[in-house]
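1. fold the following for me, if possible:
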Amino acid sequence: MQRLQQKVVRSVQLRSAAEAIPASANKLAQVIFVSKAGDKAALQKSLPMDLPEQALDDFAGDAKETMLLYPGEGPRTLLVGLGDKIDEVSLRDATHEAIAQLSAKGVQQAYLKAPSVASIPDRRVAELMTQTSLLSNYRFDRHASAEFASDVAEKLLVAEETLLARNLGNERSDIVDPAFVEEIARASASELPNLTVKVLQDADLRAEGMNMMVLVGQAAVVPPRLVILEYSGNPSAPSEKIALVGKGITFDTGGLNLKPTGFIEDMHTDMCGAAAVLGAVRAAAKANLPVNVVAVLALAENAIGSKAAKPHTIVQSHKGLTVEVNNTDAEGRLVLGDALSYVQRYYAPHTVIDVATLTGACIVALGEYTAGLFSNSDTLATALIDAGASTHERCWRLPILPEHTAELKGSMCDSRSMGTGRYGGACTAAAFLQQFVEKDVAWAHVDIAGPSNYSAQRSYMPAGATGFGVQVLFEYLKRNA
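-> Predicted coordinates:
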């Protein structure tokens with residue numbers, strides 16, 4: 001647990017923006033953010049030394065433009081441009097640019113002077129700068145007024161859980177297998193007194209009739225398991241529960257429908273949905289949110305071997321529906337279907353949100369920047385979209401049409417696992433999952449196949465596993481507590 005858990009060792013220190021940087025910081029750095037239309041005289045006044053007018057003219061304040069100054073005494077000073085259109089995205093990008101520049105220079109501590117932005121409240125500026133700095137893997141002190149202390153502390157813990165999700169996603173599958181994730185969950189329950197854990201092992205899954213999940217993991221050396229973490233933040237209303245369900249395929253070979261070279265190499269990240277759910281419930285418990293959460297991690301390895309599931313196998317699901325497995329590389333929906341059925345039967349949540357790296361079709365539709373969102377509830381969909389906009393973990397709603405559901409009609413069973421054609425794969429996958437949702441339950445499916453794993457670094461989001469999902473889920477829980 002400690003090897004994967006990345007804590008922010010140096011606390012964020014909050015000071016008045018007018019307070020002088022202490023002498024002990026003279027060999028460190030300060031960062032000043034400058035808008036394109038900024039007042040040159042005001043900028044000169046904020047600097048630790050006088051600059052020639054020509055030098056100020058050379059710095060235009062364009063987005064992510066930088067100039068590093070070395071005064072005779074006092075800290076080195078980095079000017080970072082905000083551009084002429086300052087919004088939350090440009091502020092995040094500028095903060096990341098500052099962290100990247102200082103990290104390259106070996107700076108270990110920096111003082112970031114939060115800019116005043118007319119369109120963004122000061123409290124929100126503090127939140128954005130704090131979390132972006134931490135997600136850029138930089139430890140820092142910054143200037144702000146002390147009234148924001150609780151907001152920054154919350155962003156610290158959410159950032160730490162995002163880093164945990166990143167580390168789980170990036171660690172290779174010879175280490176992160178279903179048993180390893182179970183250990184992390186058990187360690188979480190030991191660490192956090194308001195969190196409890198229950199685990200259904202392979203024999204329990206079979207006894208419970210979770211046959212789709214068993215089928216997916218039956219060829220693996222490490223058997224599948226279902227991990228349930230329960231956080232009771234509102235004990236006065238024990239029946240009011242929100243369930244989070246995460247796909248946790250710790251490695252996906254594709255099964256007998258084997259993935260080819262070029263597609264199989266990063267399949268250790270196919271458990272990023274479970275990592276996001278784990279991070280979100282840990283963050284909720286750390287923050288003592290007044291909400292009851294049931295977090296379900298559906299863990300399995302989709303391996304090949306003599307016991308691997310064969311295409312067109314028909315299996316009875318936990319809900320009782322018979323399902324034809326049309327392609328063994330469409331395994332995530334199988335473990336999710338059984339997990340959705342289980343959590344509704346035994347915990348009766350009013351809302352269920354599943355998170356999964358489910359389909360390549362969603363990446364084709366939306367790219368790496370946005371998650372696909374499907375829901376049977378307009379209210380829930382809007383809430384998740386708003387939470388995603390606030391955290392920059394954006395979600396775009398896609399439809400489940402009657403035609404998508406009709407494609408799943410089986411000829412020898414209740415349901416196919418895939419649609420009959422090559423088009424609309426993200427929609428037919430969501431339609432499959434919806435069959436396991438009870439009519440009185442508000443449900444959302446978040447397909448994070450794109451934003452969970454970046455092909456290259458973009459601003460403060462690294463290449464590889466990004467930890468996408470922790471922030472939007474936490475924000476949703478916070479707003480609905």
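
2. quick check: which ranges of this protein have low pLDDT?
-> The model of the chain has pLDDT under 70 over residues 1-27, 37-39, 48, 72-74, 137-151.

3. and the longest helix for it?
-> Counting by DSSP state H, the longest helix found in the chain is helix 149-170.

4. which element follows it toward the C-terminus?
-> For helix 149-170, the following helix or strand on the C-terminal side (DSSP states H and E) is helix 178-191.

5. between the helix or strand following that next one and helix 178-191, how big is the angle?
-> Following helix 178-191 in sequence order, the next helix or strand is strand 195-200 (DSSP H and E). Taking axes from the mean of the first three to the mean of the last three Cα atoms, to 10 degrees, one finds strand 195-200 and helix 178-191 inclined to each other by 150 degrees.

6. quick one: residues contacting residue 328.
-> Shown in contact with residue 328 (Cβ atoms under 8 Å, 6 or more residues apart in numbering): 254, 255, 256, 257, 302, 308, 309, 310, 311. For every residue, glycine as well, the C-beta is placed using N, CA and C.

7. just these: which are in helices?
-> Judged by DSSP H, these include no members of helices.

8. who wins on neighbours among these?
-> Neighbour counts for those, by other Cβ atoms under 10 Å, peak at residue 302, which reaches 29 neighbours.

9. all the helices of the stretch 201-350 of the chain, residue numbers only.
-> For the stretch 201-350 of the chain, applying DSSP state H, counting those that start in this stretch gives helices covering 202-208, 211-217, 272-287, 332-347.

10. just send the ones you listed back as TSV, with mean neighbour count too.
-> Output for the helices of the stretch 201-350 of the chain, formatted as TSV (neighbours: other Cβ atoms under 10 Å):
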stretch	mean neighbour count
helix 202-208	16
helix 211-217	26
helix 272-287	29
helix 332-347	24
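
11. how about residue 396, phi and psi?
-> Dihedral angles of residue 396 (phi, psi; degrees, to the nearest 10) stand at phi -120, psi 120.

12. same check, this time on residue 365
-> The phi/psi pair for residue 365 (degrees, to the nearest 10) is phi -70, psi -40.

13. closest one of the contacts of residue 328 to residue 128?
-> For those, the residue nearest residue 128 by Cβ to Cβ is residue 302; the value is 38.3 Å.

14. if the closest one is in a bridge, with which residues?
-> residue 252 (DSSP bridges).

15. who's in contact with it?
-> 216-217, 220, 249, 251-255, 270, 328-329, 331.

16. equivalent analysis for residue 67, please.
-> Contacts of residue 67 by Cβ under 8 Å, 6+ apart are 58, 59, 78, 79.

17. if we can go back for a sec, and the longest helix of the chain with helix 178-191, angle?
-> Using the same axes, to 10 degrees, helix 149-170 lies at 160 degrees relative to helix 178-191.

18. need the max-distance pair from the contacts of residue 67.
-> Checking those with Cβ to Cβ, the most distant pair is 58 and 78, at 14.9 Å.

19. now do the longest helix of the chain against helix 272-287, angle only.
-> Using the same axes, to 10 degrees, helix 149-170 lies at 150 degrees relative to helix 272-287.

20. helices and strands around helix 149-170, which ones?
-> Here helix 149-170 touches helix 122-135, helix 272-287, strand 464-465, helix 470-479, going by 3 or more Cβ pairs under 8 Å, 6 or more residues apart in numbering; DSSP states H and E.

21. so can I have a markdown table of those showing distance to residue 166?
-> Listed next are the helices and strands packed on helix 149-170 as a markdown table, based on distance: least, Cβ to Cβ, whole Å:
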| stretch | distance to residue 166 |
| --- | --- |
| helix 122-135 | 9 |
| helix 272-287 | 8 |
| strand 464-465 | 5 |
| helix 470-479 | 9 |
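
22. if I look at residue 350, how far off is residue 380?
-> Per Cβ to Cβ, to the nearest Å, residue 350 is found 10 Å from residue 380.

23. again with residue 240
-> 15 Å.

24. higher neighbour count, these two?
-> The residue with more neighbours, out of residue 240 and residue 380, is residue 380; 19 against 13, by other Cβ under 10 Å.

25. isn't that one up against residue 445?
-> No: Residue 380 is beyond contact range of residue 445, at 10.7 Å (criterion: Cβ atoms under 8 Å).

26. what about the closest residue to residue 116 other than its chain neighbours, neighbour count?
-> Distance criterion Cβ to Cβ, 6 or more residues apart in numbering; nearest residue to residue 116, sequence neighbours excluded, is residue 122 at 7.1 Å. Using other Cβ under 10 Å, residue 122 has 16 neighbouring residues.

27. and stretch 178-186, C-alpha only, in PDB?
-> This file holds the C-alpha atoms of stretch 178-186, laid out as PDB (Å, rounded to 0.1, in the frame of the first residue of the first chain):
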ATOM      1  CA  PRO A 178      -6.900  -9.200  -8.200                       C
ATOM      2  CA  ALA A 179      -5.200 -10.400  -5.000                       C
ATOM      3  CA  PHE A 180      -3.000  -7.300  -4.800                       C
ATOM      4  CA  VAL A 181      -6.000  -4.900  -5.300                       C
ATOM      5  CA  GLU A 182      -7.800  -6.900  -2.500                       C
ATOM      6  CA  GLU A 183      -4.800  -6.200  -0.200                       C
ATOM      7  CA  ILE A 184      -5.000  -2.500  -1.000                       C
ATOM      8  CA  ALA A 185      -8.700  -2.500  -0.200                       C
ATOM      9  CA  ARG A 186      -8.100  -4.300   3.100                       C
END
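
28. show me how far it is from its chain's centre.
-> Distance, stretch centre to chain centre, for stretch 178-186: 19 Å (Cα atoms, centre = their mean, to the nearest Å).

29. touching it from outside, list them.
-> For stretch 178-186, using Cβ under 8 Å, 6+ apart, the contacting residues are 1, 4, 168, 197, 199, 217, 220, 222-225, 227, 229, 248, 250, 271, 274, 278, 297, 299-301.

30. any of those residues buried? List them.
-> 4, 168, 197, 199, 217, 220, 222-225, 227, 229, 248, 250, 271, 274, 278, 297, 299-301 (16 or more other Cβ atoms under 10 Å).

31. right, I'll call it a day here.
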